Structures are given as C-alpha cells and as structure tokens.
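# sequence and predicted structure below; questions after.
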Amino acid sequence: MIKDYSKNYNDLSKLMNELGTKIPSTMKSFEELHKASISQGALSVKTKELIALGIAITVRCDGCIAFHVHDALESGASSQEILETIGVAVLMGGGPAVVYGCEAMEALEQFVVLEKD
C-alpha cells in the first residue's frame, strides 16, 4: 500500500473544517460552489464525480483523488466506471496521469475493501 486514502480523506476533511474556521467566507463559498457544481442536473451526480476524478488525476492532486474516488463510489459509481475514468484521464494526461491513475486505482481498492467491512 502506497498511501492510506481513507485516512487521507478523513484528515483532509478535518483540515478543511479547520480552514473554514480561519477563512469562513472563502470556505463557505467553496462549499456552495462544490454543492452547486456536483448537484443533480442534466448530468448525474455520479457522472460529475467521475469527471472530477478524471480532472484530479490529470492535475495530479492526491487529496482530490481521495475525495472523488470516495464520492464517486458514494454516488453509485462502479469499480469498472472508475477504472474507465482512469483510462480517459491517462489518454488526456499521458505518463504522469498513469502514475496518478495508479494512485486512483489504489484508492478505489482501499475504499471498496472498507465498504465490505
């Protein structure tokens, strides 16, 4: 195991809450933007989470990968849908996206195991 994505997810959640106490209007605005962007519309929440995951892989954001793998699963994405999203990210991001795609795969495997417990 390279990283503990569940711990990363939980640690970042706590840190984002703490940041919200220090810069409340910025974080409140970010939270509202997140809710508006991810909410059900012409695209499903699941589709939007998969798009966000693909972007997270191509911009190489570890924390974003943890959040969007977690949230994609929560929104009903299957492991295969997440793996295909990784494939599209690799297409668009090349070699570096392969590395972060592997991390997304690891996150997926860890969160799937946690769901079974």
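On my side now, so go ahead. All values derive from a computational prediction rather than experimental measurement. Residues are numbered from 1 along each chain as shown.

# which non-adjacent residue is nearest residue 9?
residue 66 (4.6 Å; C-beta to C-beta, 6 or more residues apart in numbering). Every residue, glycine included, has its C-beta placed from N, CA and C.

# so what's the residue count around the one you found?
Residue 66 sits with 27 neighbouring residues when counted by other C-beta atoms under 10 Å.

# for it, give me the pLDDT.
In this model, residue 66 is scored at 96, pLDDT.

# whichever strand or helix holds it - contacts with which helices or strands?
When elements are defined using DSSP states H and E, residue 66 is found to belong to helix 62-74. If contacts are counted by 3 or more C-beta pairs under 8 Å, 6 or more residues apart in numbering; DSSP states H and E, helix 62-74 sits against helix 5-22, helix 45-58, helix 79-116.

# CA atoms of stretch 82-90 as CSV?
Written as CSV, here are the backbone C-alpha positions of stretch 82-90 (Å, rounded to 0.1, in the frame of the first residue of the first chain):
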residue,chain,number,x,y,z
ILE,A,82,-13.9,4.4,-12.0
LEU,A,83,-11.3,2.3,-13.9
GLU,A,84,-12.6,3.6,-17.2
THR,A,85,-12.5,7.1,-15.9
ILE,A,86,-8.8,6.5,-15.0
GLY,A,87,-8.3,5.3,-18.6
VAL,A,88,-9.7,8.5,-20.1
ALA,A,89,-7.5,10.5,-17.7
VAL,A,90,-4.5,8.6,-18.9
